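*Asks:* can you look at this prediction? I've put the sequence above it.
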Number of protein chains: 2
Amino acid sequence: MEKPLFLIGSSQTRFGEHWDKSLRDLAREVVDGAIEHSPATALDIDMVIVANMIGEVASDQAHMGAMVASFLPHKPPAIRVEAACASGSVAIHTACALLESNRAQTILVIGAEKMTDATNDQIASALMGAADSEQDRPAGLTFPGIFGLVAQRYMHDYGLTRDQLSLVSAVHHRQALENPFAQFRMEVKPEAVSKSSPIADPLRLLDCSPISDGAAACILSTKYQSNFRVAASQLTTDTLSLADRPSLTSFSASKKAMEKALAEAAIDRDEISHVETHDCFSIAAVINMEDLGFANEGDGISIYRELYERPTMMGLQVNKSGGLKACGHPVAATGIKQFIDIAKQLKAAGTRYGLSHNFGGAGATCGLHILEHLQ
Amino acid sequence: MEKPLFLIGSSQTRFGEHWDKSLRDLAREVVDGAIEHSPATALDIDMVIVANMIGEVASDQAHMGAMVASFLPHKPPAIRVEAACASGSVAIHTACALLESNRAQTILVIGAEKMTDATNDQIASALMGAADSEQDRPAGLTFPGIFGLVAQRYMHDYGLTRDQLSLVSAVHHRQALENPFAQFRMEVKPEAVSKSSPIADPLRLLDCSPISDGAAACILSTKYQSNFRVAASQLTTDTLSLADRPSLTSFSASKKAMEKALAEAAIDRDEISHVETHDCFSIAAVINMEDLGFANEGDGISIYRELYERPTMMGLQVNKSGGLKACGHPVAATGIKQFIDIAKQLKAAGTRYGLSHNFGGAGATCGLHILEHLQ
């Protein structure tokens, strides 16, 4: 970080099916909420960054920067960014750079999606926009299909079993019981995951994050201070298509972002007490534990086994919010939700460093943030 | 500007109907071209900013940051931004801030659209995403309709006649004769504009910029220098819906951006020799001349009368490229094309300051840049 930069306010809607709210309604709710819960006033916001992926397809709405700026009395400059499911963290990264450039002192960052008004076909097609439209889509792939292939290869290479993989969603669902904003607050046993409907072999329904409506916002500032300092903001990229990668079982963008973020924050990995990681599919969570360096190659499931069997013994908390699986995944809101969840968790635990790890497509874009809780 | 920042390379495709090229082909062409025409190598690019509006709808492709980063051997971090027809200038603004933040030293900025593969209905609907989907679209408006209302009101308030308005496209077409990248290189007489097919009264076919394929790219750097320094980069926003504005005949975002840009560059308006302005419809060009302060309120047409009757006598050159009308308007590429055209024009004329003025929707987002030609 070029200068001290603070998270001074945040808000999120419950993630889920909001039949009575439009994309605009969801966005307005968190804009108002974030300002209300911060020391800044609306007029302090000197820039807006909006993350959105599905607006054009599902709500006939592009140009969402100006849409959100229109909520504020002074219509500050606004930018919409999109990097598929990494849109939220890319928005935070963009805001950090704008604050460091001195072009703004206080920035409202918001991610919003309205996904349940469109048909499943429309949403599946729109989400495939995150992959390579010339290489992946013509092969007939959808995202469950892509991560199904990843899981196949991972199981082949490392011997992970179907029943072991089921621990991931079981942990996420149990942890979501405590989160009032989660879409699914119900316990799910590992056996139920293994027996749920097949989606893309070996993945089953309960391995997959759902389609969700929701919004999340935060306010970042160099003018106002808080107990939450942004210690690192990193953005990395890999090939858009999985077909162009040397490995299907590791996402190099995550590895690179983690390495750079630890250097930027000047901390060791073991100083991190809380992680929110991108579990779009259960297999992704397993791989992420390895890419982020919390588990050895091929052994990511060990973290989830510990979390399942001895949660209170763990030094590292992973997806305490419930993750994408149980919280829901309104795609561009997710990266911002992860970031503000880390702040809540550090505050509750009284610990110092937390990490939010968000990716887009099959790890083609990775946005990673480290928050420091100042005590 | 926080630090000296230079335009060190650029490239564009011809704008028009590229039946034989995909969105990716167009993008790759200008990425290669911009690097080839700059002192930087591909490996010097430490960030990519991609402007695109229509990719999801017309090419099933979101996540275009990673798509473009995939062209480069080292896959640098990449962000896609969108602000409707202002996407290109918003991308340049984002790049300027990232360079000022020291997160990057050399950034590739690219705008690309592939619009002619989709049906006219799909494109008209996608472009309406730039307006307010809850207020404007349900009223049955399209963009020609919105600017038709603007023209109606302008003619009512200021007495502009249909035949006077026709001078705008006549000037743009004549100027495009010299531009090898323009979609329409043919002279169009004012009478032909007035007699062309009615589109949205009083606007006629030849008042409207076309649907186009095309891409443009530039490389901005703090590491490498050139004769073209970015003297100002401003981004402003207004209400998304025209219905929420006090006036239909002036775009406050343009006025505000111009004022801030002149202050940032620390120059007077009359030091500017060349302007590329956003003539999505002929009436917009008239209004822009007033909003940018080159003509008095209600008298914007006087600039075009001069350009039509005595082009060589004019101290101010406007849309010498042919503007959106004659060059074509692949929406997110336009703001970048305007910016690189200004550099070409300053070089050819041997003058010092030029302005590119790009807006999105009905002036809801305005991106404005001043380039200084160092001699």
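*Replies:* It's in.
*Asks:* residue A:155 contacts residue A:164, doesn't it?
*Replies:* No: when contacts are counted by C-beta atoms under 8 Å, residue A:155 is not listed as touching residue A:164 (9.3 Å). Where you see a C-beta, it was placed from the backbone N, CA and C, and this is true even at glycine.
*Asks:* in space, what's closest to the residue nearest the centre of chain A - neighbours in sequence excluded?
*Replies:* By C-alpha atoms, centre = their mean, chain A has its centre lying nearest to residue A:335, at 3.3 Å. Leaving out its chain neighbours, the residue that sits closest to residue A:335 by C-beta to C-beta, 6 or more residues apart in numbering or on different chains is residue A:88, at 2.4 Å.
*Asks:* likewise residue A:249?
*Replies:* Leaving aside its sequence neighbours, residue A:249 sits nearest to residue A:154 (C-beta to C-beta, 6+ apart; 4.7 Å).
*Asks:* equivalent analysis for residue A:86, please.
*Replies:* Of all residues not flanking residue A:86 in the chain, residue A:360 sits nearest, at 3.2 Å (C-beta to C-beta, 6+ apart).
*Asks:* can you check the pLDDT for that neighbour?
*Replies:* Note for residue A:360: predicted pLDDT of 98.
*Asks:* what do you get for residue A:314?
*Replies:* 77.
*Asks:* wait, it touches residue A:304, no?
*Replies:* No: the pair residue A:314 and residue A:304 fails to qualify as a contact (C-beta under 8 Å) at a distance of 10.4 Å.
*Asks:* more neighbours, these two?
*Replies:* Ranked by neighbour count (other C-beta atoms under 10 Å in any protein chain shown), residue A:314 and residue A:304 place residue A:304 first, with 27 against 13.
*Asks:* skipping its backbone neighbours, what lies nearest the more buried one in space?
*Replies:* Among residues not flanking residue A:304 along the chain, residue A:167 sits closest, at 4.6 Å (C-beta to C-beta, 6+ apart).
*Asks:* where's that neighbour, which helix or strand?
*Replies:* Using DSSP states H and E, the element containing residue A:167 is helix A:162-176.
*Asks:* against which helices or strands is that helix packed?
*Replies:* Using 3 or more C-beta pairs under 8 Å, 6 or more residues apart in numbering or on different chains; DSSP states H and E, the elements in contact with helix A:162-176 are helix A:143-158, helix A:190-195, helix A:282-291, helix A:301-309, helix A:323-327.
*Asks:* now do the residue of the stretch 251-375 of chain A found nearest chain B, the pLDDT please.
*Replies:* Residue nearest to chain B within the stretch 251-375 of chain A (C-beta to the nearest C-beta): residue A:364, separated by 3.9 Å. At residue A:364, the model reports a pLDDT of 98.
*Asks:* how many neighbours does it have?
*Replies:* If we define neighbours as other C-beta under 10 Å, then residue A:364 has 33 of them.
*Asks:* would you list the phi and psi of it?
*Replies:* The phi/psi pair for residue A:364 (degrees, to the nearest 10) reads phi -80, psi -30.
*Asks:* residues contacting it?
*Replies:* A:84, A:130, A:237-240, A:253, B:63, B:66, B:70 (C-beta atoms under 8 Å, 6 or more residues apart in numbering or on different chains).
*Asks:* same check on residue A:371?
*Replies:* Neighbour list for residue A:371: A:7, A:228-231, A:339, A:342-343, A:346, A:353-356 [criterion: C-beta under 8 Å, 6+ apart].
*Asks:* for these, pick the one with the most neighbours.
*Replies:* In the contacts of residue A:371, the most neighbours by other C-beta under 10 Å go to residue A:339, 31 neighbours.
*Asks:* per-residue confidence at that residue?
*Replies:* Looking at residue A:339, its pLDDT is 98.
*Asks:* and the nearest residue to it once chain neighbours are set aside, backbone torsions?
*Replies:* Nearest residue to residue A:339 in three dimensions, chain neighbours excluded: residue A:356, at 4.5 Å (C-beta to C-beta, 6+ apart). Dihedral angles of residue A:356 (phi, psi; degrees, to the nearest 10) stand at phi -110, psi 130.
*Asks:* quick check: buried residues in stretch A:297-305?
*Replies:* Neighbour counts over stretch A:297-305 (16 or more other C-beta atoms under 10 Å in any protein chain shown) mark A:298, A:300-304 as buried.
*Asks:* how about stretch A:27-34, does it reach chain B?
*Replies:* No: contact of stretch A:27-34 with chain B (C-beta under 8 Å from any C-beta of the partner chain) is absent, the minimum separation being 11.3 Å.
*Asks:* residues in contact with stretch A:120-128: which ones?
*Replies:* By C-beta under 8 Å, 6+ apart, the residues outside stretch A:120-128 that reach it are A:53-54, A:57-58, A:84, A:115, A:118, A:136-137, A:141-143, A:211, A:331, B:56, B:60, B:62.
*Asks:* list buried residues within these.
*Replies:* Buried among these by 16+ other C-beta under 10 Å: A:53-54, A:57-58, A:84, A:115, A:118, A:136-137, A:141-143, A:211, A:331, B:56, B:60, B:62.
*Asks:* just confirm residue A:66 is within a strand.
*Replies:* No: counting by DSSP: H, G, I helix; E, B strand; the rest coil, one finds residue A:66 to be helix, located in no strand.
*Asks:* residue A:340 against residue A:218, yeah?
*Replies:* Yes: the pair residue A:340 / residue A:218 is scored as a contact, 5.4 Å apart, by C-beta under 8 Å.
*Asks:* what touches both of the two?
*Replies:* Here residue A:340 and residue A:218 share the contacting residues A:7, A:10-11, scored by C-beta under 8 Å, 6+ apart.
*Asks:* of the residues you listed, closest to chain B?
*Replies:* For the shared contacts of residue A:340 and residue A:218, the nearest to chain B is residue A:7 (17.8 Å; C-beta to the nearest C-beta).
*Asks:* SS state for that closest one?
*Replies:* Assignment for residue A:7 (three-state DSSP): strand.
*Asks:* without its sequence neighbours, what residue ends up closest to it?
*Replies:* That would be residue A:228: by C-beta to C-beta, 6+ apart, it lies 4.1 Å from residue A:7.
*Asks:* residue contacts, that neighbour?
*Replies:* By C-beta under 8 Å, 6+ apart, the neighbours of residue A:228 are A:6-8, A:343, A:346, A:371-374.
*Asks:* so what's the residue count around residue A:20?
*Replies:* 6.
*Asks:* gap between it and residue A:371?
*Replies:* Residue A:20 is 33 Å from residue A:371, where distance means C-beta to C-beta, to the nearest Å.
*Asks:* same question for residue A:318.
*Replies:* As judged by C-beta to C-beta, residue A:318 and residue A:371 stand 15 Å apart.
*Asks:* swap in residue A:245?
*Replies:* 30 Å.
*Asks:* rewinding a little: deepest-packed of the helices and strands packed on helix A:162-176, please.
*Replies:* Mean neighbour counts were taken over the helices and strands packed on helix A:162-176 using mean count of other C-beta atoms under 10 Å in any protein chain shown, and the top value, a mean of 32, falls to helix A:323-327.
*Asks:* show me where the stretch 251-375 of chain A has its strands.
*Replies:* With strands called from DSSP state E, counting those that start in this stretch, the stretch 251-375 of chain A shows them at A:272-276, A:317-318, A:353-360, A:365-373.
*Asks:* make TSV out of those and add distance to residue A:203.
*Replies:* As requested, the strands of the stretch 251-375 of chain A are arranged in TSV below (distance: least, C-beta to C-beta, whole Å):
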stretch	distance to residue A:203
strand A:272-276	21
strand A:317-318	20
strand A:353-360	17
strand A:365-373	21
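*Asks:* give me the pLDDT for the nearest residue to residue A:178 once chain neighbours are set aside.
*Replies:* Leaving aside its sequence neighbours, residue A:178 sits nearest to residue A:320 (C-beta to C-beta, 6+ apart; 7.8 Å). pLDDT for residue A:320: 97.
*Asks:* what sits against residue A:320?
*Replies:* Contact partners of residue A:320, counting by C-beta under 8 Å, 6+ apart, are A:175, A:178, A:274, A:276, A:341, A:345.
*Asks:* model confidence for the closest residue in space to the residue of the stretch 251-375 of chain A closest to chain B that isn't next to it in sequence, exactly?
*Replies:* Spatial nearest neighbour of residue A:364, chain neighbours left out: residue B:66 (3.9 Å); criterion: C-beta to C-beta, 6+ apart. pLDDT, residue B:66: 98.
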